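**Student:** coordinates only, sequence not included:
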C-alpha cells in the first residue's frame, strides 16, 4: 500500500447556541475622565434635579410644567441609555449606526428642547406664591434647567467636532 493516500475526515456538530456570543461586554472605565463623560454625568445629575424638583410640587396646577416634565424625563432617560451605550462600548458592536451623527442630532435636539423648557419653566414661576414650597422648587428647577441646557450645548459642540473630524476622514 505504498501509493495509497490517506484521507482525513473532520466532522463537526452545530447547536442552536452558535449564534449567541458568550463574551462579556467591555467597560470603558476612562469615560468619566473625558469631557464628554463629565458632561453626560452632569446632564444626568442636573436633569434628575429638574424633574425631581418639579415632581415634588403640585405642578399639575400649572399646565406648562407638564411640558417641562416631559422634556426633562424624556431626555434624562435617553441620556441614561446613551451612557450605558458609551460605558459598555456597545457602539463598537453596532458599526452600521452612524454614532457620531446620532450623538450630534441627539445633543442638538436636547439643547433646543431644554432651552425652551427652561424658558417655559422660568415663565411659569409667576403662578406660585413667593417663599412657598412650590415657588422655591420651581425657581431651583429653572436654574438647573438652564444649567442642563449649557451641558447639552457643550455636548453638542463636542459632538459636532467629532462628527466633523469623522466627515473629513472619509
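**Tutor:** Happy to help now that I have it. Because the structure is predicted, anything quoted here is derived from the model rather than measured.
**Student:** Provide a list of residue ranges in the protein with pLDDT below threshold.
**Tutor:** 1-25, 131, 167, 170 (pLDDT under 70).
**Student:** helices or strands next to the longest helix along it in the packing?
**Tutor:** The single longest helix within the chain, with elements called by DSSP state H, is helix 133-169. When contacts are defined as 3 or more CB pairs under 8 Å, 6 or more residues apart in numbering; DSSP states H and E, helix 133-169 packs onto helix 35-55, helix 64-87, helix 99-124. Every residue, glycine included, has its C-beta placed from N, CA and C.
**Student:** Can you check which of those gets nearest to residue 156?
**Tutor:** helix 99-124 (4.1 Å; CB to CB).
**Student:** And that closest one, what's buried?
**Tutor:** 99-100, 103-104, 106-108, 110-111, 113-115, 117-118, 120-122, 124 (16 or more other CB atoms under 10 Å).
**Student:** how about CSV for the helices and strands packed on helix 133-169, with distance to residue 166 added?
**Tutor:** Listed next are the helices and strands packed on helix 133-169 as CSV, based on distance: least, CB to CB, whole Å:
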stretch, distance to residue 166
helix 35-55, 14
helix 64-87, 16
helix 99-124, 5
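**Student:** out of the ones you listed, nearest to residue 147?
**Tutor:** With CB to CB as the yardstick, what comes closest out of the helices and strands packed on helix 133-169 is helix 35-55 (5.1 Å).
**Student:** ends of stretch 52-63, how far apart?
**Tutor:** One end of stretch 52-63 sits 17 Å from the other (CA to CA, to the nearest Å).
**Student:** Okay, buried residues for it please.
**Tutor:** For stretch 52-63, by 16+ other CB under 10 Å, it's 53, 54, 57, 59, 62.
**Student:** Contacts only, for the first one.
**Tutor:** If I follow you right, that is residue 53. Neighbouring residues of residue 53 by CB atoms under 8 Å, 6 or more residues apart in numbering: 137, 138, 140, 141, 144.
**Student:** Make JSON lines out of those residues and add distance to residue 129.
**Tutor:** Formatted as JSON lines, the contacts of residue 53 follow (distance: CB to CB, whole Å):
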{"residue": "137", "distance to residue 129": "12"}
{"residue": "138", "distance to residue 129": "11"}
{"residue": "140", "distance to residue 129": "16"}
{"residue": "141", "distance to residue 129": "16"}
{"residue": "144", "distance to residue 129": "21"}
